Structure formats: C-alpha cells, structure tokens
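1. Please work out how this folds:
(2 chains)
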Amino acid sequence: TQLLEQSPQFLSIQEGENLTVYCNSSSVFSSLQWYRQEPGEGPVLLVTVVTGGEVKKLKRLTFQFGDARKDSSLHITAAQPGDTGLYLCAGATKAAGNKLTFGGGTRVLVKP
Amino acid sequence: DSGVTQTPKHLITATGQRVTLRCSPRSGDLSVYWYQQSLDQGLQFLIQYYNGEERAKGNILERFSAQQFPDLHSELNLSSLELGDSALYFCASSVKTGPPLFSNTEAFFGQGTRLTVV
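-> You can find the predicted model right below:
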C-alpha cells in the first residue's frame, strides 16, 4: 500500500516567515506532485518531480525530491497571505498503474 | 481553468436517493480519477478509468459505481445515499499517451461537485 504522510497537518505563521512542509512514504515513486487547494476549489498542480535529488523552484516555492524518491519537501520563503491553502503531495508508481495517491494535506495559514 | 468540467456544481438530496455526477476530462486525456473529500479531510481515491476500462479501485463503497464512456466522459453513481456521503467529489483527468510510455502522472482537477445529503 502506498501511504503518503504529510507533516505538519496544520501550520500557522506570520507574513514574511519561512515554512517547510514534508511528504514521506515507504514506497518509491516514479513521480511526485505538489498541489495547492483553496476552499471550495479543486487542487491545482504546482510542480512535478521525477528524478531523485531533483530541486525545482517556483518563485518563492522550492520543491525537493528525496534521493531515494520516497520523500519530498516544499519550502516557502517569505510567505504571503496568498500562500494560504491546503498543500497536497501525490505520488504515482508504475507498479500501481500510475494511480495517483494523495497525502492527507498540510493546511497553511499565513497571517498578515 | 483546468479544462476538466464537472456537473452539477452543487447537489442536495435526501437519504436513500440516487445521484449521478458527471465529468468531462481535458481534451485528449484518457484517464479519469474520482476522489471524495469530506470536510477538512484529504482526498480519498475512489476509482480510476483509463480509456473506458477500470484501472484501479480505492475505497469505493459498493453503493457507488462509475463508468467511462467511449467519448471519455465519466459518471459516478451514488445510490442509497447516507448522511455521511455528504462531501466534495472531484474528478481529475490525466495522461495524453498510454502506458508504458509515460513515467509521470499529472492530474488536472475539476471544480468539484458538492453533495449534501439531508
């Protein structure tokens, strides 16, 4: 069973602070995605990582895929209120027919 | 706009009833996923179809069923509804080429259908 665990479950910070969200599994993934979901909306894809050790940057967001492709992290620098939302990681494996499995999510609140 | 269309956006129905949720995937996408999201919860995978065939099953109740039609749109049927079935139901589509050619999966989500069972 692919189980993706995200931590922390909830994070409340002040505008301008940094934060890191973690996504861990015992499974090896062929790819891993990060999504952000706002209330009442569907998740929106932020990034896909496929290579162990890969680092991708999207403005103030930095995504890292673990060397063993079992874990990932999302780091936000100088968070802004617009970064508030539910951050979800999702992984897929060829063995599971590329079924996308989601972590439980990290709810981030950035206070002005 | 993700290109994935879900209808209806909202649905209120009584316990014991049956409803059908509809999803039109992005043009060219062959795979459709259905997810359930209860209040303040993560996304629970229900079922996946690829090019009309069931590809993977998650925690889908026997009261629920789905299918993908030749034009690739999909329907999720929920029957004998209970109060606990109230949730957001999301459809996502992915994959413009079939396995084993692709090595990653990116899903594009619809806006969801908010189901309220009263």
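2. Would you agree B:Q67 is in contact with B:E75?
-> Yes - shown here, B:Q67 and B:E75 form a contact pair, counting by Cβ atoms under 8 Å, at 6.0 Å. Quick note: C-beta positions are derived from backbone N, CA and C, even for glycine.
3. Contacts for the worst-scoring helix or strand of chain A on mean pLDDT, please.
-> Lowest mean confidence among the helices and strands of chain A (mean pLDDT, DSSP states H and E): strand A:101-102, at a mean of 86. Contact with strand A:101-102 is made by A:2-4, A:88-92, B:35, B:42-43, B:45, as judged by Cβ atoms under 8 Å, 6 or more residues apart in numbering or on different chains.
4. Buried subset of those, written for PyMOL?
-> Here is the PyMOL command that selects the buried residues among the contacts of strand A:101-102 (16 or more other Cβ atoms under 10 Å in any protein chain shown):
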select buried, (chain A and resi 2+4+88+89+90+91+92) or (chain B and resi 35+42+43+45)
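5. Quick check: strands, which of the contacts of strand A:101-102 are part of them?
-> Judged by DSSP state E, the contacts of strand A:101-102 include A:88-92, B:35, B:45 as members of strands.
6. State the mean pLDDT of stretch A:25-35.
-> The average pLDDT for stretch A:25-35 rounds to 90.
7. export that stretch as CSV, just CAs?
-> Extracted in CSV, the C-alpha atoms of stretch A:25-35 (Å, rounded to 0.1, in the frame of the first residue of the first chain):
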residue,chain,number,x,y,z
SER,A,25,6.5,7.4,2.2
SER,A,26,8.0,3.9,2.4
SER,A,27,7.2,3.5,-1.3
VAL,A,28,9.4,4.6,-4.2
PHE,A,29,7.6,6.8,-6.6
SER,A,30,8.1,7.3,-10.3
SER,A,31,6.8,10.8,-9.9
LEU,A,32,5.6,13.1,-7.2
GLN,A,33,3.4,16.1,-7.5
TRP,A,34,2.5,19.0,-5.2
TYR,A,35,-0.9,20.7,-5.4
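8. Which positions in chain A make contact with chain B?
-> A:30-31, A:33, A:35, A:40-45, A:48, A:50, A:88, A:90, A:92, A:94, A:96-105, A:107 (Cβ under 8 Å from any Cβ of the partner chain).
9. picking that back up, which element follows the least confident helix or strand of chain A toward the C-terminus?
-> As assigned by DSSP states H and E, the chain's next helix or strand after strand A:101-102 is strand A:106-111.
10. quick one: average pLDDT of that following strand?
-> 96.
11. Partner strands of it, with direction?
-> Its sheet considered, strand A:106-111 pairs with strand A:10-14 (parallel), strand A:85-92 (antiparallel) by DSSP bridges.
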